[in-house]
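S.K.: the following comprises the amino acid sequence and a computationally predicted model.
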Number of protein chains: 2
Amino acid sequence: MTHPLARRILRGDVRAAARLMRDLDDGILPAAAALRELHARAGRAHVIGITGPPGSGKSTLADALVEAARRKKLSVGVVAVDPTSPISGGAVLGDRIRMQRHAADKKVFIRSLATRGSLGGLSRAVFDTVTVLDAMGKDVIFIETAGVGQDGVKVAGAAHTVLVVMAPGMGDDIQALKAGVLEIGDIYVVNKCEREDCERLVRDLRSALGSRKSQDGWERPVLKTDAVSGRGVPEVAALIARHRQFLSRGAAWERRSQAMAKTAFMELLEAGIRERVGEKLAHEKACRRLLEDLASRRTDPYSAARRALKEMFG
Amino acid sequence: MTHPLARRILRGDVRAAARLMRDLDDGILPAAAALRELHARAGRAHVIGITGPPGSGKSTLADALVEAARRKKLSVGVVAVDPTSPISGGAVLGDRIRMQRHAADKKVFIRSLATRGSLGGLSRAVFDTVTVLDAMGKDVIFIETAGVGQDGVKVAGAAHTVLVVMAPGMGDDIQALKAGVLEIGDIYVVNKCEREDCERLVRDLRSALGSRKSQDGWERPVLKTDAVSGRGVPEVAALIARHRQFLSRGAAWERRSQAMAKTAFMELLEAGIRERVGEKLAHEKACRRLLEDLASRRTDPYSAARRALKEMFG
């Protein structure tokens, strides 16, 4: 153990964790080395992904689940992923502000991430943050993400337990069911169940889930909540704990942890490749000329990509 | 011009286009060569991205816009992007079925794409399909995609004109506004305007758009539609045409086309790199050992990614 921030983080030093995350954002190299040290000491936390379409009340539910975990004296980490703002490059805060009431609680560490640009890089930051929170000794870590399309699928590769949150009255519910959510969830939550059309969505969801068992053999439940009033939240918290027990009984916990490590590796690898390719395109003469030829239509994207690949891999 | 399918496609042969797309799916190499030939002859079509949260009625609006374009005797291509189904690997059809009423119309070519796995590859297929449709001589090409997070941003890099579709009553509307949509749209459509809370969303959207000009200096309008009854659709169609005129008057059309070519290049490059990295991981001894070490915890994702990058780039 040589990295001073890593040492402090392992003792649970919140300021050191915040500092390391800033260093990672700034691309400071020793920070990456610290992650390797921290990873060796991580692997104990229960990582819970919360995903679902916008407007389903994910943030409110996450907030209520943080409170439920705190009442059980569990220490909590939260990674909140804000959708991309491609031009401003910054995260737009909204209802996530509500989380701030936990800010005074030293056992809760909240980190908001913005996805920068269209070329990924989000997932790498998610994995880095989870590693830091895990090494800090957090008992549970929530990853909250706007889950439609690829972003939603990615969270499934980063968590032991995946909560899919939906809400009635969001247009054709079939639209949401289409969005690849039926395969990724361990626990399904129909939120905003003060609305009358809640029962129909619960029924549709149950029938769409079919046999309802996950690949591990876990019977996937559909729960009703009203996160604003807190109704149903204790049941969700209990099921999250039960899913952890379920995973730990067999080889499933180990299997999921291995899958998470592989996903992290692939994300890190892709991020690294992207970085190096970006450098080549910016600095190497042959690559720079490619981009110029593309702009002036002397070449087309297909030929340009082929030439660039030849340049890189021979 | 040597590729037989390319030659037939340039004459507008629908079967040849369908065949080439199948060949591309199957990874048949000459198909990629055909794309280079086709790209040289493309560049005339007006590419329109349609994005927005699930349940906003994008498919219905796209369908109505196809009809409007056909009434003006324009030939039409549609690329419909289905959300990921990571396990089944297949596209789940739903309301997109409605599009089938255009199937008998020879001037409309519809192609549904499914995203396979979590590691991208979607965008490459979108660009390929647009190239084929463009070379076939389609006047307008619609790309319809579930636009939240990164997927939504990507469509902005692939189109001349971006329509953002929203609907009232989808939970906190601020949620949708957060989703990075404020920067990417050229035309905003509030659909399902038979609902009473439509006006509020229109107002919120107008105020959130602020000065409402795009980077090109286009004043970004907010329109109301009810795509099911067709109300407001002619106005949207007229504005799409007006945006094309606007782009063509100055250098904006050329600028957007260049940006689209660069986005396509980057996507193709990333897809190519991913492919080669996948091959290395599967077949090269050193890389295979890395994955084994990862599974057995002899190494961590950070060290493994560093080693793999060293293996590739030295």
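M.R.: Cool, got the structure.
S.K.: residue ranges with poor pLDDT in the stretch 101-250 of chain A?
M.R.: Confidence mapping of the stretch 101-250 of chain A against pLDDT under 70 gives the ranges A:101-104, A:114-122, A:146-153, A:170-180, A:211-212.
S.K.: where along it do the helices fall?
M.R.: Secondary structure of the stretch 101-250 of chain A (DSSP state H, counting those that start in this stretch): helices located at A:122-135, A:150-156, A:173-176, A:182-184, A:198-209, A:233-249.
S.K.: switch those helices over to TSV; also include distance to chain B and mean neighbour count.
M.R.: To be clear about C-beta, it is placed using only N, CA and C from the backbone, and glycine gets the same treatment. Listed next are the helices of the stretch 101-250 of chain A as TSV, based on distance: least, CB to the nearest CB, whole Å; neighbours: other CB atoms under 10 Å in any protein chain shown:
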stretch	distance to chain B	mean neighbour count
helix A:122-135	7	25
helix A:150-156	4	26
helix A:173-176	4	21
helix A:182-184	4	21
helix A:198-209	10	16
helix A:233-249	17	17
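S.K.: which one's the longest helix in chain A?
M.R.: Using DSSP state H to assign secondary structure, the helix with the most residues in chain A is helix A:252-283.
S.K.: and it, anywhere near chain B?
M.R.: Yes - for helix A:252-283 and chain B, the contact criterion (CB under 8 Å from any CB of the partner chain) is met by A:258, A:261-262, A:264-266, A:268-270, A:272-274, A:276-277.
S.K.: about what we covered before: which among the helices of the stretch 101-250 of chain A is found nearest to residue B:7?
M.R.: When the helices of the stretch 101-250 of chain A are compared by CB to CB, helix A:150-156 sits nearest residue B:7, at 35.7 Å.
S.K.: of the residues of helix A:252-283 next to chain B, closest to residue A:163?
M.R.: Taking CB to CB as the measure, residue A:163 lies nearest residue A:264 of the residues of helix A:252-283 next to chain B, at 20.2 Å.
S.K.: now stretch A:17-33, how far from the centre of its chain.
M.R.: 19 Å (CA atoms, centre = their mean, to the nearest Å).
S.K.: compute the first-to-last residue distance for that stretch.
M.R.: End-to-end distance of stretch A:17-33: 14 Å, with CA to CA, to the nearest Å as the criterion.
S.K.: same deal with stretch A:7-14?
M.R.: 12 Å.
S.K.: what segments of chain A are strands?
M.R.: Counting by DSSP state E, the segments of chain A that form strands are A:46-52, A:76-82, A:108-114, A:140-146, A:161-166, A:187-190, A:222-224.
S.K.: figure out which of these is closest to chain B.
M.R.: In this view, the strands of chain A are compared for proximity to chain B by CB to the nearest CB, and strand A:140-146 is the closest at 5.3 Å.
S.K.: what is that closest one packed up against?
M.R.: For strand A:140-146, the packing partners by 3 or more CB pairs under 8 Å, 6 or more residues apart in numbering or on different chains; DSSP states H and E come out as strand A:46-52, helix A:58-71, strand A:76-82, helix A:122-135, helix A:150-156.
S.K.: is it possible to get JSON lines of the helices of the stretch 101-250 of chain A that adds distance to residue B:71?
M.R.: Supplementary listing: those in JSON lines, determined by distance: least, CB to CB, whole Å:
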{"stretch": "helix A:122-135", "distance to residue B:71": "42"}
{"stretch": "helix A:150-156", "distance to residue B:71": "35"}
{"stretch": "helix A:173-176", "distance to residue B:71": "27"}
{"stretch": "helix A:182-184", "distance to residue B:71": "38"}
{"stretch": "helix A:198-209", "distance to residue B:71": "36"}
{"stretch": "helix A:233-249", "distance to residue B:71": "51"}
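S.K.: of those helices, which is nearest residue B:64?
M.R.: The closest of these to residue B:64 is helix A:173-176. By CB to CB, the value is 17.1 Å.
S.K.: measure residue A:197 to residue A:276 for me?
M.R.: Spatial separation of residue A:197 from residue A:276 under the definition CB to CB, to the nearest Å is 51 Å.
S.K.: what's the answer for residue A:243, then?
M.R.: Separation of residue A:243 from residue A:276 (CB to CB) stands at 39 Å.
S.K.: still on that earlier bit, please name whichever of the helices and strands packed on strand A:140-146 is nearest to residue B:225.
M.R.: strand A:46-52 (26.3 Å).
S.K.: strand partners of the closest one, parallel vs antiparallel please.
M.R.: Take DSSP bridges as the rule and strand A:46-52 pairs in its sheet with strand A:140-146 (parallel), strand A:161-166 (parallel).
S.K.: columns mean neighbour count and distance to residue A:64 on top of those strands, output as TSV?
M.R.: Listed next are the strands paired with strand A:46-52 as TSV, based on neighbours: other CB atoms under 10 Å in any protein chain shown; distance: least, CB to CB, whole Å:
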stretch	mean neighbour count	distance to residue A:64
strand A:140-146	27	11
strand A:161-166	28	11
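S.K.: and those strands: which comes nearest residue A:133?
M.R.: Of all the strands paired with strand A:46-52, the one in closest proximity to residue A:133, counting by CB to CB, is strand A:140-146 (5.0 Å).
S.K.: what sits up against the closest one?
M.R.: The set of residues external to strand A:140-146 that reach it, using CB atoms under 8 Å, 6 or more residues apart in numbering or on different chains, is A:45-51, A:53-54, A:58-59, A:62, A:65-66, A:69, A:74-81, A:83, A:126, A:130, A:133-134, A:151-152, A:154-155, A:158-159, A:240, B:148-149, B:179.
S.K.: then it to PDB, C-alphas only?
M.R.: What follows is strand A:140-146 as a C-alpha-only set of coordinates in PDB (Å, rounded to 0.1, in the frame of the first residue of the first chain):
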ATOM      1  CA  VAL A 140     -24.600  -1.000  -0.100                       C
ATOM      2  CA  ILE A 141     -24.000   1.000  -3.300                       C
ATOM      3  CA  PHE A 142     -26.800   2.300  -5.400                       C
ATOM      4  CA  ILE A 143     -26.200   3.100  -9.100                       C
ATOM      5  CA  GLU A 144     -29.100   5.200 -10.400                       C
ATOM      6  CA  THR A 145     -29.300   5.600 -14.200                       C
ATOM      7  CA  ALA A 146     -31.800   6.600 -16.900                       C
END
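S.K.: now it against strand A:108-114, angle please.
M.R.: With axes from the mean of the first three to the mean of the last three CA atoms, to 10 degrees as the criterion, the two stretches strand A:140-146 and strand A:108-114 enclose an angle of 30 degrees.
S.K.: distance from strand A:140-146 to the middle of the chain?
M.R.: For strand A:140-146, the gap between its own C-alpha mean and the chain's C-alpha mean amounts to 6 Å (CA atoms, centre = their mean).
S.K.: what's the answer for stretch A:207-217, then?
M.R.: Here stretch A:207-217 shows a centroid-to-chain-centroid distance of 23 Å under the convention CA atoms, centre = their mean.
S.K.: next, the distance between the ends of it.
M.R.: Counting by CA to CA, you get 18 Å between the two ends of stretch A:207-217.
S.K.: show me which residues of it are buried.
M.R.: In terms of neighbour count (16 or more other CB atoms under 10 Å in any protein chain shown), stretch A:207-217 has its buried residues at A:208, A:209, A:214.
S.K.: the first one touches residue A:183, doesn't it?
M.R.: The reference is to residue A:208. No - when contacts are counted by CB atoms under 8 Å, residue A:208 is not listed as touching residue A:183 (10.9 Å).
S.K.: residue A:188 is in contact with residue A:239, correct?
M.R.: No - taking CB under 8 Å as the contact criterion, residue A:239 and residue A:188 are not neighbours in contact, 10.2 Å apart.
S.K.: what sits in contact with each of these two?
M.R.: Between them, residue A:239 and residue A:188 share the contacting residues A:221, A:223, judged by CB under 8 Å, 6+ apart.
S.K.: okay, now residue A:261: neighbour count?
M.R.: As a burial measure, the neighbour count of residue A:261 was computed by other CB atoms under 10 Å in any protein chain shown and equals 20.
S.K.: show me the contacts for it.
M.R.: When the contact criterion is CB under 8 Å, 6+ apart, the partners of residue A:261 are B:294, B:295, B:297, B:300, B:301.
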